[in-house]
Structure formats: C-alpha cells, structure tokens
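**Q** Mind folding the following:
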Amino acid sequence: IKDSGIAAIEKLMQRKGAFDHILLETTGLADPGPIASIFWRNEEFASGLGRDITLDGVICVVDAFFGKGQMEEDHSEDHVGESLKQIAGSDVVLLNKADLVSPDMLGNVESMIQKVNPAAPIYRT
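**A** Residues are numbered from 1 along each chain as shown. Okay, here's the model as predicted:
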C-alpha cells in the first residue's frame, strides 16, 4: 500500500500542482499507521512526500450501533484489535449514526472511546 500510495500522490502532485488538502480514506478495519507514516517528517524521510506534504491529522469513524460490539470483540488480554488501534491513533473521532441508537447506548460507546483515547474529541454525526 505504501509504495503505490506514494506513487499515486506524487503523480497527482506533478499533474495538478500543489493541493490545499488531500484526504485519504481507508475502508473497514485497516491500520492507519502505514498510511500515516508516508507523511511523517524525520531525518529518514527528509525527501519525497514528507518534504511537500504535512499530515494534519487522523480521523476515525465509529459506528454508534456496531462500535461497542466491535470494540469488545477487539479487546482481550493477549490481543488488541484494529478498531481499538484506529481509535487510539486518531486525532478526532466521528461517532456516526448517532441518531439510530438510544442515548444510553450512545453514552456507553462514547465512554468506551474515551477510555481508549481520552485526548480525541468525539463528534456525533
């Protein structure tokens, strides 16, 4: 993913010039770490995309109806699943389909998210 992602963005940059923003979306339960690392700036990545593009943030979308079950399934003593990694690595959490669940369930899901990542603001959508 990393090599093809870099190539695709570099091709767009050459063809269209600089962009104000680039939004990368991964579907499902994917680890955002490898994609985000494309844009990290340090001595090792002083050239390439890290020179021209800055990662502004990572957004995680949690389904208000299925999120609680997924987080419970992904939590065990010997394993941390992808949903928890996504929440932990995000700067902002969108709690989607908030209108489809009860206020109590919504509060429970928000509480679980806050335990995983207390620094990320949660926005109901």
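**Q** In three-state terms, label Val62 for me.
**A** strand (DSSP: H, G, I helix; E, B strand; the rest coil).
**Q** tell me which element the nearest residue to it once chain neighbours are set aside falls in.
**A** Distance criterion Cβ to Cβ, 6 or more residues apart in numbering; nearest residue to Val62, sequence neighbours excluded, is Leu95 at 5.4 Å. The C-beta positions use only the backbone N, C-alpha and C, and glycine is treated the same way. Using DSSP states H and E, the element containing Leu95 is strand 92-96.
**Q** Please look at Ala36 and Ile59 and confirm they touch.
**A** No. The criterion here is Cβ atoms under 8 Å, and Ala36 misses it with Ile59 at 11.2 Å.
**Q** So in terms of bridging, what pairs with the residue nearest to Val62?
**A** Val62, Arg124 (DSSP bridges).
**Q** Kindly tell me how buried it is, as a neighbour count.
**A** Leu95 has 20 neighbouring residues, counting by other Cβ atoms under 10 Å.
**Q** and what of the one 10 residues further on?
**A** Each residue near Met105 was counted by other Cβ under 10 Å, and the total is 15.
**Q** Please give the element, helix or strand, for it.
**A** Here Met105 sits within helix 103-116, counting by DSSP H and E.
**Q** for that helix, what is the average pLDDT?
**A** Helix 103-116 comes out with an average pLDDT of 96.
**Q** Check the model's average confidence along the strand holding Leu95 for me.
**A** So the average pLDDT for strand 92-96 ends up being 95.
**Q** cool, and stretch 6-21?
**A** Stretch 6-21 shows a mean pLDDT of 72.
**Q** how about the CA coordinates for that stretch, as CSV?
**A** Provided in CSV are the C-alpha atoms of stretch 6-21 (Å, rounded to 0.1, in the frame of the first residue of the first chain):
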residue,chain,number,x,y,z
ILE,A,6,3.2,7.4,-2.6
ALA,A,7,3.3,6.9,-6.4
ALA,A,8,-0.3,7.9,-6.8
ILE,A,9,0.0,11.1,-4.7
GLU,A,10,3.3,12.0,-6.4
LYS,A,11,1.6,11.6,-9.8
LEU,A,12,-1.3,13.8,-8.8
MET,A,13,1.1,16.4,-7.4
GLN,A,14,3.1,16.5,-10.7
ARG,A,15,0.0,16.6,-12.9
LYS,A,16,-2.1,19.1,-10.9
GLY,A,17,0.4,21.0,-8.9
ALA,A,18,0.2,21.6,-5.1
PHE,A,19,-3.1,20.9,-3.3
ASP,A,20,-4.6,22.7,-0.3
HIS,A,21,-5.7,19.4,1.2
